[in-house]
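K.L.:
Below is the structure, and that's it, no one-letter string:
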């Protein structure tokens, strides 16, 4: 069972240290987005990265439309990975939708995390009277179309990365298999779930110390959302980053790492 | 005016040409701020003095760009044929974008594809329709499979039930022995065999003083004795004959390939077996009439001959078999 989970979610454990950092990737990518970030922590922490089922090199045969119809399925992935590694008192770093997945996990198991760090979080992406989530339904539909039209090219981007993984050359051979025909459907459903889940009423249930990292101009999440979350999560800390864009862990590794380290030292 | 590579006067510089080239050209810095933009793209998008790539994009495009462009360009240094929707003077337009990273800057070529875009949309629509039909077909097929499985299961059940009914139809419900219906069916069969020359003998067996058992111990014990007798008959006869309950306390045993002499010996052996048996309820003995098939016999004449020999056995003191050798 343990091995199954570790294989299913392509779990990678690196680094050394008493405390464990778990990094959750966002929609549309996989754990490789953390490659540059985790290098800065491996000397002092045990570092866990993984792919949600349906992403990266996870076991896509484990994907079911039923389970991953809501963020609960992804939360279950996270909880199962932590249980398989027998983790407790960990520090969770979630990017984008992963910060909401972490939110659901800490609500279900408050003792699981010691601290939680959210990068570019949003509890709800849609506009509503009195709430500026940033998107209309038509924008989401346009995005889904764009993903579908771009799918073949996007898949090709992933290929060389996989093939550069010299330690595991078998990945390249399996690549055709990895890109199974389910992928566009999975990506589409993940997008639907990501952009239509509404977790605003869950925020105030969080008891774990939380850091909110909000890029000062995030194309996806309006600036005020950072404040919105900060006000709802008691004892949380909001940092507006100098970084621009939705992926500070890629575009501004140094600043992202400094923010996380600063919070861990508190 | 500079000289172009071909040395002709009046040819513009590459820079000037790029500014008016029939495709958009854009240079971004690492934060996706616009460093350079050519006139073609400025005119296409209708955005006056854009500072950031986002100003050229629809909301969905920004989201897509953030999700896929940044990770891709960071990891590979190049992005090819990315389909995006850009703002335009008429609202929005589909465009393809190629990007290379050079010295920390992203150089982008943008080609408008309004006509191709329509075509892509149609393709997408056709693909979705096909997917929908496919999934409906798959669903229907699955349902059909389920139904077929159900039918097959029902058939199996029916077959099993039939078999059970067939057994019930030829089984005596009290003793579990074969019943009279079965006896008649088998006798018809063996009569034909006997007519062709096969030796077949029937034994009619009756419990001695069974009425006394019933009167003394009640019908309940009477029934138990009948059951016990049926079981003991199966034990002693085994594969040498077919045991059937004829009615009341009477049993008929068909013994194929057994002649008159051997049949009588078998009858006597059965009597001995019952006499020496350790009966659970009430000890009983049996009398037996033994009749081999005679040419010209019908079932009735055959059985009544055996019955008359049973009568002789009873008259001869019971607990014995009678037959003509």
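P.N.:
Perfect, I can see it now. It should be emphasised that the depicted structure is a prediction, and the values quoted were computed from it without experimental measurement.

K.L.:
where along the chain do the helices fall?
P.N.:
Looking at chain A here, since you left the chain open. Under the criterion DSSP state H, helices of chain A are mapped to A:2-8, A:35-38, A:71-84, A:97-108, A:137-163, A:170-173, A:175-178, A:183-196, A:223-232, A:248-251, A:253-265.

K.L.:
wait, I meant chain B there
P.N.:
With DSSP H as the criterion, chain B has helices at B:14-19, B:39-45, B:59-64, B:70-76, B:114-169, B:180-195, B:210-217, B:219-237, B:260-276, B:299-315.

K.L.:
pLDDT score assigned to residue B:156?
P.N.:
For residue B:156, the pLDDT comes out at 96.

K.L.:
Surely residue A:225 is in contact with residue A:133?
P.N.:
Yes: contact criterion C-beta atoms under 8 Å: residue A:225 and residue A:133 qualify, at 7.4 Å. Every C-beta, even on glycine, is put in place using the N, C-alpha and C of the backbone.

K.L.:
Which residues are in contact with each of the two?
P.N.:
Residues touching both residue A:225 and residue A:133 by C-beta atoms under 8 Å, 6 or more residues apart in numbering or on different chains: residue A:122.

K.L.:
So between these two, which is more surrounded?
P.N.:
The neighbour count for residue A:225 versus residue A:133, taken as other C-beta atoms under 10 Å in any protein chain shown, is higher for residue A:225 (23 against 19).

K.L.:
Skip the chain neighbours and tell me the closest residue to residue A:29.
P.N.:
Nearest residue to residue A:29 in three dimensions, chain neighbours excluded: residue B:71, at 5.2 Å (C-beta to C-beta, 6 or more residues apart in numbering or on different chains).

K.L.:
what's the answer for residue B:117, then?
P.N.:
Excluding its sequence neighbours, the residue lying closest to residue B:117 (C-beta to C-beta, 6+ apart) is residue B:94, at 3.2 Å.

K.L.:
Over in the stretch 1-150 of chain A, which residue gets nearest chain B? Let me know.
P.N.:
Here the stretch 1-150 of chain A gets closest to chain B at one residue, residue A:142, 3.5 Å apart by C-beta to the nearest C-beta.

K.L.:
residue contacts, that residue?
P.N.:
Taking C-beta under 8 Å, 6+ apart as the test, what residue A:142 contacts is B:58, B:59, B:60, B:61, B:85.

K.L.:
wait, what's in contact with the third one?
P.N.:
Neighbour list for residue B:60: A:139, A:140, A:141, A:142, A:143, A:146, B:85 [criterion: C-beta under 8 Å, 6+ apart].

K.L.:
Of all pairs in those, which one is the farthest apart?
P.N.:
Maximum pairwise distance in those, criterion C-beta to C-beta, is 13.3 Å, between A:140 and B:85.

K.L.:
Do you know the pLDDT at residue B:49?
P.N.:
With respect to pLDDT, residue B:49 has a value of 89.

K.L.:
what's the neighbour count on it?
P.N.:
8.

K.L.:
for residue B:157, same thing?
P.N.:
Each residue near residue B:157 was counted by other C-beta under 10 Å, and the total is 10.

K.L.:
per-residue confidence at residue 214?
P.N.:
With no chain named, the answer covers chain A. 95.

K.L.:
you looked at the wrong chain, it should be chain B
P.N.:
For residue B:214, the model assigns a pLDDT of 92.
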